[in-house]
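In: Quick one, structure for this:
(one chain, ligands or ions: 2)
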Amino acid sequence: MLELKHIKKSYDNVTILEDINLQIQDGEIVSILGPSGCGKTTLLNLVLGLTPADSGQIIFNGKDITKVPMEERGFNIVFQDYALFPNLNVYKNITYGLKNKPGISTKEEVDEFIELLGLKEHLNKKIEQLSGGQKQRVALARTMVMKPKILLLDEPLSALDGVIKESIKEKIKEIARDFHLTTIIVTHDPEEALTLSDKVLIVNKGSISQYGAPQEIITAPENNFVKEFILNQLEIKKNNIFALFHQSMARTVQAGARL
Ligand SMILES: Nc1ncnc2c1ncn2[C@@H]1O[C@H](COP(=O)(O)OP(=O)(O)OP(=O)(O)O)[C@@H](O)[C@H]1O
Ligand SMILES: [Mg+2]
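Out: Ligands and ions are numbered 1, 2, ... in the order given. Got it, this is the predicted structure:
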């Protein structure tokens, strides 16, 4: 279990995160959802160990890791911009981390990730020859082969089109389930957060607005921010889609009546 206790972070005397308390169970997929600038990446970087907290504790499986350096935590991140190595081909990008830690994944396991993420036919390509969705999958594969204790993803789906997005969402779920991997995903898309995760952490202005299962958030929003910012967006989307289908159904009925 990962536990954050009274975590605080400021930059230049401006409070960015204020008294963050939460627990994430092993194998859970948790989305961090909130508007731009609310502190999502900062929170991810604190868990990763890239950014130190001003105060509070991070506990992992009963051990205080607040002061444990990033390399020793054994977590891994897929950055928002993928940060792939442009001078290496796809296969070398995927296996880069294994050079320093051979044996973490066997050749068969690496091949399995490549297969799972649909990258087999792209292995010899340069990074610049890939589409955005392919780059995203390379970044995921590169992180997965390192078998992190916790997988951190910063807006991994934001640049992808609808179809690829849905298939990668399914892959993330599949990998998290198969490897019992605790996964924390940053997003600012309510639909993505609520359909992908076991739990959603809604952050507003550096504080937790609500933390719960998607059903809880939808059926029992705890405050106006959740209602206005999260549920309202979903409602508008839902109505737009219903309206579209309703119009096309009405046209079908009309066409039928004319025959
Ligand atoms: N290294 C830094 N120095 C100073 N301020 C910072 C630093 N990193 C982040 N901030 C500030 O902290 C706030 C939260 O930033 P953060 O990157 O966590 O937001 P976010 O929720 O990830 O936003 P987005 O959705 O746009 O990625 C912002 O106001 C940002 O300007
Ligand atoms: Mg961010």
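In: Neighbours of residue 28, how many?
Out: 18 (other Cβ atoms under 10 Å). Every residue, glycine included, has its C-beta placed from N, CA and C.
In: Return the residues in contact with the residue nearest to it when sequence neighbours are not counted.
Out: Leaving aside its chain neighbours, residue 28 sits nearest to residue 198 (4.8 Å; criterion: Cβ to Cβ, 6 or more residues apart in numbering). By Cβ atoms under 8 Å, 6 or more residues apart in numbering, the contact list for residue 198 reads 28-30, 213.
In: Would you mind listing which of those residues are buried?
Out: Among the contacts of residue 198, the ones that count as buried by 16 or more other Cβ atoms under 10 Å are 28-30.
In: rewinding a little: of the contacts of residue 198, which is the nearest to ligand 1?
Out: residue 30 (15.2 Å; Cβ to the nearest ligand atom).
In: Mind pulling up the pLDDT for the closest one?
Out: pLDDT recorded at residue 30 is 97.
In: what's the answer for the one 5 residues further on, then?
Out: Per-residue confidence (pLDDT) for residue 35: 90.
In: burial of residue 102, as a residue count?
Out: Residue 102 has 9 neighbours, counted by other Cβ under 10 Å.
In: and it, how far is that from ligand 1?
Out: 34 Å (Cβ to the nearest ligand atom, to the nearest Å).
In: Assign that residue to one of the three secondary structure states.
Out: Using DSSP: H, G, I helix; E, B strand; the rest coil, the structure places residue 102 in coil.
In: and it, backbone torsions?
Out: phi -60, psi 150 (degrees, to the nearest 10).
In: For residue 5, state which of the buried ones among the contacts of residue 198 is nearest.
Out: residue 30 (16.3 Å; Cβ to Cβ).
In: And that closest one, how far from residue 40?
Out: Using Cβ to Cβ, to the nearest Å, one gets 12 Å for the distance from residue 30 to residue 40.
In: Check residue 178 too.
Out: 26 Å.
In: Please apply the same query to residue 135.
Out: In terms of Cβ to Cβ, residue 135 sits 21 Å off from residue 40.
In: Name the residue in the two with the higher neighbour count.
Out: Neighbours were counted for residue 135 and for residue 40 using other Cβ under 10 Å; residue 40 has more, 23 against 20.
In: The more buried one is in contact with residue 46, isn't it?
Out: No - judged on Cβ atoms under 8 Å, residue 40 makes no contact with residue 46 at a distance of 10.9 Å.
In: Around ligand 1, pick out the residues from the stretch 151-259 of the chain.
Out: Residues of the stretch 151-259 of the chain lying close to ligand 1 by Cβ under 6 Å from any ligand atom are residue 188.
In: what about 5 Å?
Out: By Cβ under 5 Å from any ligand atom, no part of the stretch 151-259 of the chain sits against ligand 1.
In: what are the ranges of the strands in the stretch 151-259 of the chain?
Out: Using DSSP state E, counting those that start in this stretch, the strands found in the stretch 151-259 of the chain span residues 182-187, 199-204, 207-212.
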